[in-house]
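[1] fold the following.
(one chain, ligands or ions: 2)
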Amino acid sequence: MKREVGSIKTAYYDSATTYSRENLQTDIVHIGFGAFHRGHQAVYTDLANQQIAVPWGIFEINLFGESNLINELNNQHGLFSVLETSATAHTSRQVRSVIGGIHTPEQGIGAAIARLLEPQVKIVSLTITEKGYCIDPQTRQLDDANPLIAGDLQTPHNPRSAIGLITFALQRRKALGLQPFSVLSCDNIPDNGHLTRNAIIGFAMRLDTELAQWIEANVTFPGTMVDRIVPAMTEAQFTMLQEKTGYADPCGIVCEDFRQWVIEDNFVRGRPEWDLAGAMFVSDVQPYEEMKLRMLNGSHSFLAYNGSLAGYEFIYQCMEDPEFYAITRQLMVDEQAQTLNPTLDIDLRQYAELLLTRFSNRNVKHRTAQIAMDGSQKLPQRAITPWLQLERKNIANPVLSLLIAGWLYYVISNIENNSELTDPLLPVFREAIAHQQTGWQKALALLNTNSIFGDLAENIAFINKIELAFNKIAASGIKQTIKEITSG
Ligand code: NAI
Ligand code: CS2
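    Numbers count the residues shown, from 1 in each chain. Ligands and ions are numbered 1, 2, ... in the order given. So this is what the prediction gives:
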């Protein structure tokens with residue numbers, strides 16, 4: 001059923017794609033050719049390219065996962081389709097900003113290093129998930145115990161982690177007298193620029209202090225707030241994409257029509273005019289990023305755990321349940337918004353309504369189980385820090401408490417039922433609960449995971465509130481628990 005790329009009929013695409021790809025070169029190396037990058041940075045670059053004289057090219061590197069995606073991308077000469085969908089309308093576009101890619105487990109790390117050493121590379125961007133930075137979420141410093149980091153410190157010329165790869169490429173560029181590049185994290189991590197800097201300079205420090213100093217002086221790590229809901233593809237979405245474009249595109253994706261990108265304007269060798277495609281360049285990303293991470297991602301995590309406990313497979317199904325809808329708004333407006341920087345020039349109530357509408361989009365099939373992944377890397381910024389802030393301000397935080405209790409309940413029941421659970425700390429969780437008897441004893445054991453909760457297991461107010469919420473879920477079920485919070 002698949003067709004040759006040459007047969008992609010441009011008539012099927014709603015977007016005009018006007019620029020020549022003939023002279024596209026690797027200006028940006030992107031690590032992490034997943035769903036999100038295709039629906040976000042690649043689209044922004046494509047749209048900006050349509051309006052500028054010299055288009056920017058992106059080259060893709062995948063360090064993990066299946067090789068098919070990059071092989072298919074290369075078969076299609078880097079072209080792929082993006083179907084953007086609201087609840088009622090679709091727009092399809094063919095993205096033309098990508099040149100091709102490498103899957104290092106197949107082609108070898110040397111091929112990736114060679115790309116990073118091309119003199120004209122100006123930006124290395126990343127969507128490698130929270131865990132890809134190999135950082136302890138509590139201390140925000142490089143985690144030496146991380147097996148990838150420990151391995152790369154032994155053989156830095158043959159790296160496996162993104163952090164080791166970028167540091168080695170910078171070391172080689174320095175030695176070869178080449179100009180450095182900027183490193184642009186596009187992952188959902190608070191203060192992602194500084195965190196990436198901590199990881200790379202931390203790694204370099206362990207190898208060579210002079211290199212670390214050179215990176216500090218010559219490389220920038222702009223912070224970003226990135227937003228677009230781009231779920232992992234399902235069979236149904238591949239079918240929908242094919243129906244709308246006439247082409248069975250193995251690299252295609254379906255995502256929501258909304259997109260936002262706020263970028264700290266701090267690049268050592270220039271950057272595309274992403275603002276022509278709607279991005280915002282600012283001097284301080286933090287207020288935007290905190291708003292999005294807490295109101296959007298915090299609510300997503302609430303729905304991921306508690307929605308799963310209620311039996312909902314997709315986020316839009318949670319939104320069709322009036323109690324879930326109400327408690328999500330309560331979380332956004334009465335709790336998360338109260339923790340945000342008051343100088344932010346955004347109407348947070350309106351922002352909450354926009355998020356609720358986006359979550360309700362039935363054409364975006366975002367699985368609660370997908371968002372539930374890697375909770376250990378997400379809870380600190382989405383739930384724990386805001387929980388503590390509200391506590392300090394004497395503002396009630398029952399929904400954040402229920403989010404944390406829901407995570408505990410979800411982790412324990414999925415381990416015990418052998419159900420889907422993906423988290424880099426899964427072995428630690430298994431070990432922690434193995435010798436505990438009651439549900440709450442197991443929860444307490446998990447609350448002792450320092451890299452997530454710090455020393456909160458000793459905070460009596462915290463433990464009391466989480467215990468109350470946890471026991472309520474156990475005794476009455478999640479739906480009744482939510483009903484009581486929203487009505488009380
Ligand atoms: P995905 O599962 O489609 O792709 C993940 C990518 O990360 C793959 O290319 C994989 O090779 C790479 N990766 C995984 N573990 C890695 C590691 N340890 N080191 C280096 N690379 C690693 O996921 P998707 O949807 O592309 O999301 C990726 C990240 O993008 C998210 O974790 C989030 O931080 C950010 N993001 C995602 C959004 C979405 O709606 N999908 C929206 C906003 C941000
Ligand atoms: C989600 C995000 O998977 C998750 O943790 O909360 O990927 C979310 O879809 C995006 O941040 C939306 O921009």
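[2] just want the residue of the chain that's nearest ligand 2.
    Using Cβ to the nearest ligand atom, residue 300 is the residue of the chain that sits closest to ligand 2, at 3.5 Å. Where you see a C-beta, it was placed from the backbone N, CA and C, and this is true even at glycine.
[3] wait, a strand at that residue?
    No. Using DSSP: H, G, I helix; E, B strand; the rest coil, the assignment for residue 300 is helix, not a strand.
[4] quick check: residues of this structure near ligand 2?
    Contact residues, the chain versus ligand 2 (Cβ under 6 Å from any ligand atom): 188, 227, 228, 229, 296, 297, 300, 370, 371, 378.
[5] between those residues, which is closest to ligand 1?
    When those are compared against ligand 1 (criterion: Cβ to the nearest ligand atom), the nearest one is residue 188, at 3.9 Å.
[6] which SSE is residue 30 in?
    strand 26-31 (DSSP states H and E).
[7] follow-up on the earlier one: who wins for most neighbours among the residues of the chain next to ligand 2?
    residue 378 (27 neighbours; other Cβ atoms under 10 Å).
[8] next one: phi and psi at that one?
    phi -110, psi -30 (degrees, to the nearest 10).
[9] show me the contacts for it.
    130, 188, 297, 301 (Cβ atoms under 8 Å, 6 or more residues apart in numbering).
[10] then residue 218?
    180, 268.
[11] what about it, distance to residue 200?
    Using Cβ to Cβ, to the nearest Å, one gets 12 Å for the distance from residue 218 to residue 200.
[12] before we move on, what about residue 370?
    28 Å.
[13] repeat that for residue 320.
    44 Å.
[14] of the two, who's got more company?
    Just comparing residue 320 and residue 200: by other Cβ under 10 Å the higher neighbour count belongs to residue 200, 24 against 12.
[15] so that one touches residue 182, yeah?
    No. If you go by Cβ atoms under 8 Å, residue 200 and residue 182 don't touch, sitting 11.5 Å apart.
[16] what is in contact with these two at once?
    In contact with both residue 200 and residue 182: 219, 221, using Cβ under 8 Å, 6+ apart.
[17] let me see the contact set for the residue of the chain closest to ligand 2.
    Per Cβ under 8 Å, 6+ apart, neighbours of residue 300: 315, 359, 371, 382.
[18] nearest residue to the last one in space, please, no chain neighbours.
    It stands for residue 382. Counting by Cβ to Cβ, 6 or more residues apart in numbering, the nearest residue to residue 382 once its immediate chain neighbours are dropped is residue 298, at 4.2 Å.
[19] state the number of residues packed around the one you found.
    Residue 298: 28 neighbours (other Cβ under 10 Å).
[20] show the pLDDT at it.
    On pLDDT, residue 298 comes in at 98.
[21] how much space between the residue of the chain found nearest ligand 1 and residue 471?
    Among all residues of the chain, residue 34 sits closest to ligand 1, at 2.0 Å; criterion: Cβ to the nearest ligand atom. From residue 34 across to residue 471, the span is 38 Å (Cβ to Cβ).
[22] same check on residue 190?
    Counting by Cβ to Cβ, the gap from residue 190 to residue 471 is 31 Å.
[23] same check on residue 189?
    Applying Cβ to Cβ to residue 189 and residue 471 gives a distance of 32 Å.
[24] the more surrounded of these two?
    Taking neighbours as other Cβ under 10 Å, residue 189 and residue 471 compare with residue 189 leading, 26 against 15.
[25] gap between the more buried one and residue 126?
    On the measure of Cβ to Cβ, residue 189 and residue 126 end up 10 Å apart.
[26] again with residue 100
    18 Å.
[27] and those two? Which one has more around it.
    Each of residue 100 and residue 126 has its neighbours counted (other Cβ under 10 Å); residue 126 has more, 25 against 18.
[28] what sits up against stretch 279-292?
    44, 190-193, 222-225, 227, 260-265, 274-275, 339-341, 343-344, 346, 348, 351.
[29] give me every residue in this structure lying close to ligand 1.
    32-37, 62-65, 127-132, 162, 187-188, 226, 228-230, 232.
[30] let me know the secondary structure of residue 102.
    Strictly by three-state DSSP, residue 102 counts as strand.
[31] and the closest residue to residue 349 other than its chain neighbours, what pLDDT?
    Spatially, and ignoring its direct neighbours in sequence, residue 349 is nearest to residue 333 (6.1 Å; Cβ to Cβ, 6+ apart). Note on residue 333: pLDDT of 98.
[32] same check on the one 3 residues further on?
    For residue 336, the pLDDT comes out at 98.
[33] just say helix, strand or coil for residue 255.
    strand.
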